[in-house]
Every structure is written in C-alpha cells, then in structure tokens.
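Enquirer: sequence isn't available, so here's the structure alone:
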C-alpha cells in the first residue's frame, strides 16, 4: 500500500510537468484551434536559455527562472508574428504543418548551439534536500515544488484570464473574433499573446523536468506526447481539464511503469493508447463537450 | 492521340525517364550515387503510399515511418533469424505492415484532421521504444546487421547496382499498381471522400471501407519501402525509424505535391539528398533545413512543387491563347479530370 502511495506521489510530481505543458497546448488550441507540435521543443529551448543563465552567466536560479519566462513570452510573441501570422487564416492542418516545421528548426538550432551532449540542470536551491516523510511515504522537496508550481501556474492564468482586461480581450478574441474586432480588440495580436503565454508556461515545464531528466535537445519529445495525452484526456479546450489530465497521466504512467512487468519502456506507447482511446470513447475528454458539426 | 488515357507526349517523357533510370547506374552513377538512388526509389514507394492516404483520401499521417519500421523488421527477422531468402521477405513485409495499417485505420476512422495528426504523431514516437522492448525478436538497441546482398543472377552487376535495380523495378510495379487503382473507381471514391465525406456517403460510397483500405494500402507501400530500406542499408535499428523519418516523409510528400503520382519520386530525391547537402553546408543534422523548407512551402505552395507547377502552367495558359480544358502537365499521374488536377487539398 505504501508502495502504491509512493508511486502516486511521484506520479503526481511528474504529472505536474505534463500538466503545465498540456496547459500551454490548451492555451494555443483555445485561441486558434490548432495543435502546436513545436510546444515541447520551444520549452526545451527556453530551458537551455535558463541553463545558459545559471551555468554560464552564473545568475541566481530564481532570477534565471524569471528571466527565462520573460524571454520565452517575448520570443514566442515575435515567433508567432513572423511564422504563424502568414497562415493564421489557413486551415488548421496548414498551421500544424508549420508548427512541425518549427519543431525541426528549434530542435536543430538547439543542437547547433548547445550540442546533443546531455547536461545536468540544477533544481531549485534553498530547499532542504532531505525528503519529508508522511506516514511512510517520502515526499521529495523537488516533487512538492513540481506540484506546487503547477497549481500556482494554473491559479495565475485563471486570475489573468478572469480579472484582467487583457485576459478578457484574449478570451473574447478567441470566442467571438468578429465581434471583438468590431469592438476594437486586436484579435491577431491576441493570438500572438496567446503564443507568448503558452511559451512562458511551457518554459516552466521544461525547467521543472530538466533536473530530473537531464537537459538535451530531444528531452521534451516524450513529454510532449504525454502532454498531448493529458490535454486530450482533460478535454483539449479546458485548462483545468488539462491540469487534472496531466496529474492523471502522471499517476497512471508511474503505476504502470512499476506494477506492470516489462511496461517501463512502453510508456510512450501507453501515451498513444490514452490518446486514441479517449478520442474514440469520449472525444470531448473528461471535462470537455463533444463537438457537433453542422454540414 | 491518346493511348491508355495518356497523351503521346506523356508516354514519350515516361519512356525517356525509364530508359535513363535503367541506364544510369551502368554509365552515369558511381557506387555511392547508385546506392543513394536506390534509396530514392525505396523512399518513393513510401511516398506513393503516403500520397494514397493523404493526397487521395485526405487523412494526414505523421506516422508513415512506423509502418516502414514494421516492414524493415519483418524482412530483417525473416532473413536473419529464420534464414528465409530475402527476396521472399519483401512481400510479407508489405503485407504485415499493410495489415497493421489497416487495423490502425479503424480507430483512425473516428479521428479527423488534427486528431489524426496527433494520433499518428504518437504512433511515430512510440515505434522505437516498442521495438526496443521486444529485444528477443529485434535485438533491441543494437539492431540487426544483415548479410550484404549480391547479384543472385550472376550477370555481373555490383551489389549497389543490383540493389538499385531491385528497388527500381519494385517502385515501377507499385507505381503502376497505384496508378491503376487510383485512376479508376477507387481513386474517384477516395477523392470524393477527401472533398466531402458527407457527400461521398450520400452518393453511396462506403466511407469507412475506403478510408481503412487507404490506410492499409499506404502502410503496405511503407512496409515494402521499409523492407528495401533494410536490404539496402544491410542494417536495421530502432533509431532508423524515429520521428524525424516520419516527418521527413511528410515533408517529401508536401515537396512533391499532394494528390499526384510523379511527385513522390521528386519528393524522395529531396528526402534522400537534402540531408547530404545539409551536412555539407550546415555541418549539422538536416533538421533546420527540413523545418525551414516545410514552413516556406506552407507559405508559398500549399500544393507542393508539382501542384505548384501545375498551377503555374494553368495560369500561363489562361493568359496566353485558348483555354485548354485538359491541361495536362508532363506527368505520370492519372488522367484526372481537370478540376481534380488543379485542385490541391490545400493541406486539408
């Protein structure tokens, strides 16, 4: 029983990473109904920036954390203006192919700049290293940090979208683009802002997982798959669903990896199974609504 | 004058291409280039298959590499572990992959557009860990080294030339098969489904049957391509069939153009040669070049190079002289009705 609880806790921790990347995917989907296949690679690139700041410039970890998020938001805003804007009105699949192109470019650039040799990435300093024990289940501080950051991220986004004028404009632009434009909302810029926010959230996910998985240009590819599974499970349009989905996927993977013999290496395939199964059984996900299309 | 639905000019160009392709390894190509062109023919087969799926039935796949992997491993296991002569492993490789694709086609029926892209993306990512997991059969990480293949007929061909002709002949056969299939009722049904599933169903086309069939055929082609890939390389490993391969196939298909049949050869040449040039120019993996080209293509030519060339020619003809209804571009593609020739899928 303790073993199960232990696995659930560590599943929740890695689930937090899937949840935050899933959150980034949902942000983009809500604003333009497209999946950003480059989201994971962008997060990886952000994490390399953080590594550069910490390991080469010798900046304080938390300062590097904040600067990386800011740089990611601005960078993705610009990226959207340059690369996505020309296909903004194209069918979603064209946008998807462009994001796949970005996937290649960002991955290749990271390899070119930082090479494919794996690097260690520091965890958050200032916390005691020894795990805390609750009734036989030991909680790593790292794990708590992961879960806590995810919840904080969700709360910040909720407050932003619910209580700020900019958040309202972004929601309006996504839901009623025509009306919003008439009312003076710059809908196209709102899309770019959505990309920026998503990249900021993605950067957090990258910086959270890097101390566990080490840093290399291909590190986010499995995580992107789990994040897709999480987003689909929670309902691709629902931020809360994405976070819940992320934690669920994390726990499921941890349990399966431990208790199903030989399944440890099959976790990626399990991500595929989750995606296909959810889409077939309940296409709207746990929290979403099924779409009805008028022909 | 027309024979078998093609103009005389198309016949002449096709014949010239085939003669050049037949003579090239004997007179024009050195050993390295002969092998590279053998890869071109193998990849072209995978792209013809991908075209059936995406270009004709409108289902996008980012996972063609997964079916290539199945074909390659069927050949490697039969040939290396069970000592089956490799010539007899090619068809089973295609059939096993085709069956896998056909079965994948059923859940895919429920997934449209973005979600199918997502599911096939997951498929492409999961293939390598699955192969590694069944290490008893597949040798896991290490892969399987195959004995190199020599000319079995004893007519004095080098190994490279033999592999080239093997891939070339199979590619031509499969090309003709695809052309026969797509030029007839099946092709019309698939295009109808691509353009509107509801309208196709209302016209009495069994949408589910054709869509799963397209998946099966496409995977069959990928399986054959994978089998040839394994024989040409004389080695298979899980990492040969990772996500970048699947994506480069997609890029190759887009470069060659959706919905045409000559495109795949052009696309395959692109897929094979780009990494080599990228290596020389950027001293890096070809990723950046692939990505930039894919993005630029989406900006400029949503129908790919062949589709774009068709548009260009149609545009020139509209501006100069009488409008020819059957604007036929020098192309080995099916004699499609003019509206089908000009309509791309626009990435749908």
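Expert: Looks like it came in fine. As the structure is a computational prediction, the values presented were derived from the model and not from experiment.
Enquirer: wait, residue A:237 touches residue A:26, no?
Expert: Yes. With contact defined as C-beta atoms under 8 Å, residue A:237 counts as touching residue A:26 (6.7 Å). (Glycine included, C-beta is placed from N, CA and C.)
Enquirer: more neighbours: those two, which one.
Expert: Comparing residue A:237 with residue A:26 by other C-beta atoms under 10 Å in any protein chain shown, the one with more neighbours is residue A:26, at 27 against 19.
Enquirer: so the more buried one versus residue B:195, what's the distance?
Expert: Between residue A:26 and residue B:195 the distance, using C-beta to C-beta, to the nearest Å, works out to 31 Å.
Enquirer: got it, and residue A:207?
Expert: 46 Å.
Enquirer: more crowded one of those two?
Expert: Regarding residue A:207 and residue B:195, a neighbour count based on other C-beta under 10 Å identifies residue A:207 as having more, with 30 against 14.
Enquirer: that one contacts residue A:68, correct?
Expert: Yes. When contacts are counted by C-beta under 8 Å, residue A:207 is listed as touching residue A:68 (6.7 Å).
Enquirer: need the residues touching each of the two.
Expert: Taking C-beta atoms under 8 Å, 6 or more residues apart in numbering or on different chains as the contact rule, residue A:207 and residue A:68 both touch A:46, A:47, A:50.
Enquirer: make JSON lines out of these and add pLDDT and distance to chain B.
Expert: Written out in JSON lines, the entries for these read as follows (pLDDT from 0 to 100; distance: C-beta to the nearest C-beta, whole Å):
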{"residue": "A:46", "pLDDT": "97", "distance to chain B": "18"}
{"residue": "A:47", "pLDDT": "96", "distance to chain B": "18"}
{"residue": "A:50", "pLDDT": "96", "distance to chain B": "22"}
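Enquirer: residues contacting residue A:219?
Expert: Going by C-beta under 8 Å, 6+ apart, residue A:219 touches A:44, A:47, A:209, A:210, A:213.
Enquirer: per-residue pLDDT, it?
Expert: pLDDT, residue A:219: 92.
Enquirer: before we move on, the earlier item: closest one of the contacts of residue A:219 to residue B:238?
Expert: Each of those was scored against residue B:238 by C-beta to C-beta, and residue A:213 proved nearest at 19.6 Å.
Enquirer: do you know how far the closest residue in space to that closest one that isn't next to it in sequence is from residue B:80?
Expert: If the residues on either side of it in the chain are set aside, residue A:213 comes closest to residue A:219, at 5.4 Å by C-beta to C-beta, 6 or more residues apart in numbering or on different chains. If you measure residue A:219 against residue B:80 using C-beta to C-beta, the figure is 33 Å.
Enquirer: equivalent analysis for residue B:189, please.
Expert: In this structure, residue B:189 lies at 40 Å from residue B:80, with C-beta to C-beta as the measure.
Enquirer: got it, and residue A:108?
Expert: Distance from residue A:108 to residue B:80, by C-beta to C-beta: 34 Å.
Enquirer: look at these two and report which has more neighbours.
Expert: Counted by other C-beta under 10 Å, residue A:108 and residue B:80 do not tie: residue A:108 has more neighbours, with 24 against 18.
Enquirer: buried residues in the helix or strand that contains the more buried one?
Expert: Assigned by DSSP states H and E, residue A:108 falls within helix A:92-114. Applying a neighbour-count criterion of 16 or more other C-beta atoms under 10 Å in any protein chain shown, one finds A:92-112, A:114 buried in helix A:92-114.
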